[in-house]
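Enquirer: Prediction below, plus the sequence it came from.
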Amino acid sequence: MSEAMYIASVVGTYWVVSISMVYLNKMLMSDGLSVPAPLFVTWYQSVVTVLICWMAGQCGQRARSSSATQYTPVSVNDDGASMPANPPRPSFFAQFPKAEYVLAQARQIFPLSLVFVGMITFNNLCLKYVEVSFYNVARSLTIVFNVFFSRIFLGIPTSCKTMLCLLIVISGFVMGTHGEINFSLVGTVSGVMSSVFVSLNSIFTKKVLPVVDDNHWKLTFYNNVNAAFLFIPLIVYFEADIIKNSNGKLTSAAFWSAMSVAGFFGFSIGIVTVLQIKATSPLTHNISGTAKAAVQSLMAFYLWGNEWTIMGVLGIFTVLGGSLLYTFVRMSENAQNAPPPRHPQQEMSSKV
C-alpha cells in the first residue's frame, strides 16, 4: 500500500469511528431502543473499555515476550562481515501494557477520575437532550475553557490573536443557540459543563501521567476502573427505579449489542486518533477533526431529520471556523516560542 493510500485509510477510519460513535451513542441516549438511564449506559461503556484494556494488555504481554525470544537473523555485508539484520516490526498489540490495578497509583489518579466521570456523564447527557446537528455547537466552548484554565492553573498567557479566535467561537455558540429550533436548556447546559470537564481533564491528565510512566493506555485502564466504581452509587440513587421498569429492553439482544459496540468504539477512538496523528501531523489531525465535525452536523439534518435554520447553520460553521483558526494560531505561536535549532559549529564550540 502506498503512503497516500495508507494516510487516506487512516483518516477515513477516524471519520467512520468518530461519527459512528456519536450517532450510536445518540441512539442509546434516546428512549426508543435504549433504557432511559444515561448513567447506566455510560457505566457499561466504561466496563467494556476495562475489559478491552485487559484483553489488549494480555495480547501485548504475549507479543512482547514472543518478540524478545524471537531469533534475530544475521546478514553479511559486502566486506564479508556479519551484521544483524533489521529487526522485525513490533506487533500492534505490543503498545498495550499489562492491565494491573495498583491501589497506590489508583489513589493518585482518583481526582482525575472524578473529572473523567463528570466529562463523560455530561457529554452523554448533552447528546441525550440536544439534536445531533447542535451537538458540536453545544460543546464548542471547550477551547474557551482550555485557555481560561491554562491561564488560571498553569499561568500560560493569552495573546490577542487567541482572544479573537475565542470571540469567534463564542459568537458561533450564541448564533447556534438562537438558531436551534428544538432548543434544550438542559442539553445546552450539559454541553457547557462537558466543555468545562474536558478542559479540566486535559490539565489533570498532564499532572497525573507521570504516575503511570506517561502511558495513556495505563491511564485509560485506571480511569475507567475508577469510573465503573464511581458510577454505581449514582446509578443506584438516580436510576434504580428506571432500570427496574425496563425489563423488556434489558433482555433485548439488540440493546446489549449496541451497548457493546458503542463501548468498543469508545476505546477505538483513542487508537485511531493516535494513528491519524502519527500518519499526518497534529495540525492535520485538528483540521480533519474540524472537517469531520462539519460533515457530522450536516449529515444529522438528513439522517436524524433535524430541522435547520440559517442562523443555526451559520452558528455551526462559525464555531468550526473559529476552532480551526485557533488551531493555526496556537501552532504558529508554539513554533515562534520554540527554541531555535543550534548550528553544528555552535554545538562543537560549546563542547570545547
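Expert: Here it is on my side, so go on.
Enquirer: Might one say that Gly57 is in contact with Ala94?
Expert: No - Gly57 lies out of contact with Ala94 (CB atoms under 8 Å); the separation is 11.0 Å. In short, each C-beta sits where N, CA and C put it, glycine included.
Enquirer: higher neighbour count, these two?
Expert: The residue with more neighbours, out of Gly57 and Ala94, is Gly57; 19 against 16, by other CB atoms under 10 Å.
Enquirer: Tell me who's in contact with the more buried one.
Expert: Applying CB atoms under 8 Å, 6 or more residues apart in numbering to Gly57 gives the contacts Phe96, Pro97, Lys98, Ala99, Trp217, Phe221.
Enquirer: ok, of those residues, which come out buried?
Expert: Phe96, Pro97, Ala99, Trp217, Phe221 (16 or more other CB atoms under 10 Å).
Enquirer: Quick check, the third one in contact with Phe221.
Expert: What it means is Ala99. Yes - using CB under 8 Å, Ala99 is in contact with Phe221, at 4.9 Å.
Enquirer: okay, and the common contacts of the two?
Expert: With CB under 8 Å, 6+ apart, Ala99 and Phe221 have common neighbours Val50, Cys53, Trp54, Gly57.
Enquirer: These into JSON lines, with extra columns for pLDDT?
Expert: Converted to JSON lines, those look like this (pLDDT from 0 to 100):
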{"residue": "Val50", "pLDDT": "95"}
{"residue": "Cys53", "pLDDT": "93"}
{"residue": "Trp54", "pLDDT": "95"}
{"residue": "Gly57", "pLDDT": "92"}
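Enquirer: From these, pick the one nearest Met259.
Expert: Val50 (14.2 Å; CB to CB).
Enquirer: What segments of the stretch 51-200 of the chain are helices?
Expert: Applying DSSP state H, counting those that start in this stretch to the stretch 51-200 of the chain gives helices spanning 103-129, 132-138, 142-153, 160-179, 185-208.
Enquirer: Looking at those, which is nearest to Lys292?
Expert: Where those are weighed against each other on CB to CB, the nearest is helix 132-138, at 9.7 Å.
Enquirer: and the closest one, how far from the chain's centre?
Expert: 17 Å (CA atoms, centre = their mean, to the nearest Å).
Enquirer: which residues are contacting that helix?
Expert: 22-23, 26, 126-127, 130, 172-173, 176-177, 180, 187-188, 190-192, 293, 296-298, 300-301, 303-304, 306, 308, 312, 315-316, 319-320.
Enquirer: again with stretch 148-163
Expert: So stretch 148-163 is in contact with Val147, Ser199, Leu200, Ile203, Tyr326, Val329, Arg330, Glu333, going by CB under 8 Å, 6+ apart.
Enquirer: Would you format the residues you listed as CSV with distance to Asp213 and pLDDT included?
Expert: Output for the contacts of stretch 148-163, formatted as CSV (distance: CB to CB, whole Å; pLDDT from 0 to 100):
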residue, distance to Asp213, pLDDT
Val147, 29, 91
Ser199, 25, 92
Leu200, 23, 92
Ile203, 20, 88
Tyr326, 31, 92
Val329, 33, 91
Arg330, 27, 86
Glu333, 30, 81
